[in-house]
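K.L.:
kindly generate the corresponding structure for this input.
(chains A and B)
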Amino acid sequence: MQDARRLQLEEMIARTALGDRAAFDALYEATSAKLHAVCLSVLKDRPEAEETLQEVYIKIWQSAERYASNGLSPMTWLITIARNRAIDRLRARSSRPVTAPAEAAAHVASGEPGPEAATIRAQERRLLDECLAQLAEQQAGAVRAVYLEGATYADLAEREGKPINTVRSWLRRSLLRLKDCVSQ
Amino acid sequence: MTDETQLTPLEEDEALAAELALGLLDGDEARDAVARLSSDAGFAQSVRDWQERLAGLADRLTPVMAPARARQRIRETLGHGTAPLSQPASGPARAWWRGPFGALLGLVAVAAVAAFLWLPGQLPTTPTTPAPDYQAQLVTEDQAVRVAARLAGSEMEIALEQGAVSEGRDYEIWWIRPDGSAPISIGLVPHSGSARMTLPASLDPSEGIRIALSDEPAGGSPTGQATGPVVAIADLTRL
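P.N.:
Residues are numbered from 1 along each chain as shown, chains lettered A, B, ... in the order given. Take a look at the predicted model:
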């Protein structure tokens, strides 16, 4: 079921890379509501999220040919593009320096064969909620705020009333614990 | 900082990969980490693993349909000039009015007129809609506002048939499955006349589905979940 969807999306992306507009349309149909939700979650502003969504699909059309070699599952690739765009816009709003594009990682060819790694990752994803629940609520909340709302260390420090370095070191620890838990 | 915050070099790398994936780095640290992606395959893989792992957080977000104009603008920007309201995702088949007109301007004008003439009440005659048709009539308790939702295949038409949307507000339309899962936003009620949208493939019309309207700030719920009161709710019924 999950695999069938993954294959479908991969096919849509592969055909989009060849300039197939119908495939691109189908990809939009299958994924835009989710990517729109990602943009909304970060930006909390409907018109801005809508504009960002447009930029995201333009970017997807333009970089689909680079998808095949990066080893990410299709939804992760799409979500990552949407999230990064939305965060760029969020930071531009507060004239914060735009952080490094994590997308760069998605452009480095991966030597890792797809399906097997994908199965392992699918398992990790299933464990994610469980493992987040094992973190202290404050820490799990911070991970979510960073990923889903684009919070920075400065934001977390302000929220917690603690120095940035302190917040950074406990978030790093939380992330490492999360990784240990999901990949156990 | 005490010693317990000291990470091993391996942990340092892993944490850095997570921070890069999350966009938490800036300045020199960010530049160095990005540069490392192309020279250190193991590090690049760690970053991708983090992206994969964290993307699971987005699984829990309720999908929110974007208005049809978003897709239209994407097409315009990419030069995939498809006329508004023509059948999307139906492959290379050309809309009938496209053939004889070469000039883009003419195309847009003709398409606009065609769409205008083609819209009212003629939905069921579109050849691409073999699926059964459904409708829902949404009426507020005081009967002041009436909205009709009509479905032909995956094409949905939303019409404001009576009443008006208040200044600075919008009615948001929600798709509610019988299984109790979170309502899915499918768009906003137009301030006048009707609007058309294509349902995502994941939404299958059937009896048992309910459609609701909630009263939201202009532009719709900022969170993707209903924030205002639900003013009307109705079953989707087969026509």
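
K.L.:
when you work out contacts or count neighbours from here on, use the C-alpha atoms and nothing else.
P.N.:
Noted.

K.L.:
any idea what sits nearest the residue nearest in space to the middle of chain B, other than its immediate chain neighbours?
P.N.:
Nearest to the geometric centre of chain B sits residue B:65, at 1.9 Å (CA atoms, centre = their mean). Nearest in space to residue B:65, with sequence neighbours left out and distances taken as CA to CA, 6 or more residues apart in numbering or on different chains, is residue A:33 at 4.4 Å.

K.L.:
quickly note the distance from that neighbour to residue B:200.
P.N.:
8 Å (CA to CA, to the nearest Å).

K.L.:
just to revisit the earlier point, mean confidence score for the helix or strand hosting the residue nearest to residue B:65?
P.N.:
Using DSSP states H and E, residue A:33 maps to helix A:21-43. What helix A:21-43 shows for mean pLDDT is 95.

K.L.:
same deal with stretch B:191-200?
P.N.:
79.

K.L.:
list the buried residues in that stretch.
P.N.:
By neighbour count with 16 or more other CA atoms under 10 Å in any protein chain shown, stretch B:191-200 contains the buried residues B:191, B:194, B:195, B:196, B:197, B:198, B:199, B:200.

K.L.:
equivalent analysis for stretch B:226-239, please.
P.N.:
Buried, per 16+ other CA under 10 Å, within stretch B:226-239: B:226, B:230, B:231, B:232, B:233, B:234, B:235, B:236, B:237.

K.L.:
anything in the strand or helix carrying residue A:148 near chain B?
P.N.:
Of the helices and strands defined by DSSP H and E, residue A:148 is found in helix A:137-149. Yes: if you take CA under 8 Å from any CA of the partner chain as the test, helix A:137-149 does meet chain B, through A:144, A:146, A:147, A:148.

K.L.:
can you pull the domain assignment for chain B?
P.N.:
B:3-60, B:68-123, B:129-238 (automatic domain parsing).

K.L.:
I'd like the next helix or strand past the helix or strand encompassing residue B:170.
P.N.:
Residue B:170 belongs to strand B:169-176 when elements are defined using DSSP H and E. Next along the chain after strand B:169-176, taking DSSP H and E as the criterion, comes strand B:184-188.

K.L.:
contacts for that next one?
P.N.:
B:62-67, B:170-176, B:199, B:219-220, B:224-225 (CA atoms under 8 Å, 6 or more residues apart in numbering or on different chains).

K.L.:
10 Å - rerun?
P.N.:
Strand B:184-188 is contacted from outside by A:33, A:37, B:62-68, B:156, B:158, B:170-177, B:195-200, B:203, B:211-214, B:216, B:218-221, B:224-226, using CA atoms under 10 Å, 6 or more residues apart in numbering or on different chains.

K.L.:
who touches residue B:138 in this structure?
P.N.:
Per CA under 10 Å, 6+ apart, neighbours of residue B:138: B:145-149, B:160-161, B:211-213, B:231-235.

K.L.:
for the nearest residue to it once chain neighbours are set aside, helix, strand, or coil?
P.N.:
Nearest residue to residue B:138, sequence neighbours excluded (CA to CA, 6+ apart): residue B:147, at 5.0 Å. Secondary structure, DSSP: H, G, I helix; E, B strand; the rest coil: residue B:147 is strand.

K.L.:
is it true that residue B:147 touches residue B:231?
P.N.:
No: using CA atoms under 10 Å, residue B:147 is not in contact with residue B:231, being 11.1 Å away.

K.L.:
who touches both of these two?
P.N.:
With CA under 10 Å, 6+ apart, residue B:147 and residue B:231 have common neighbours B:138, B:139, B:140, B:171, B:213.

K.L.:
the third one reaches residue B:232, doesn't it?
P.N.:
When you say that, I think you mean residue B:140. Yes: under the criterion of CA under 10 Å, residue B:140 makes contact with residue B:232 at 5.0 Å.

K.L.:
can you list residues touching both of the two?
P.N.:
Between them, residue B:140 and residue B:232 share these contacting residues under CA under 10 Å, 6+ apart: B:146, B:147, B:213.

K.L.:
can you count the residues close to the residue nearest to the last one when sequence neighbours are not counted?
P.N.:
Right, residue B:213. Nearest residue to residue B:213, sequence neighbours excluded (CA to CA, 6+ apart): residue B:173, at 4.8 Å. The burial count assigned to residue B:173 is 26, neighbours taken as other CA atoms under 10 Å in any protein chain shown.

K.L.:
nearest to chain A, of the buried residues of stretch B:226-239?
P.N.:
Taking CA to the nearest CA as the measure, chain A lies nearest residue B:226 of the buried residues of stretch B:226-239, at 13.1 Å.
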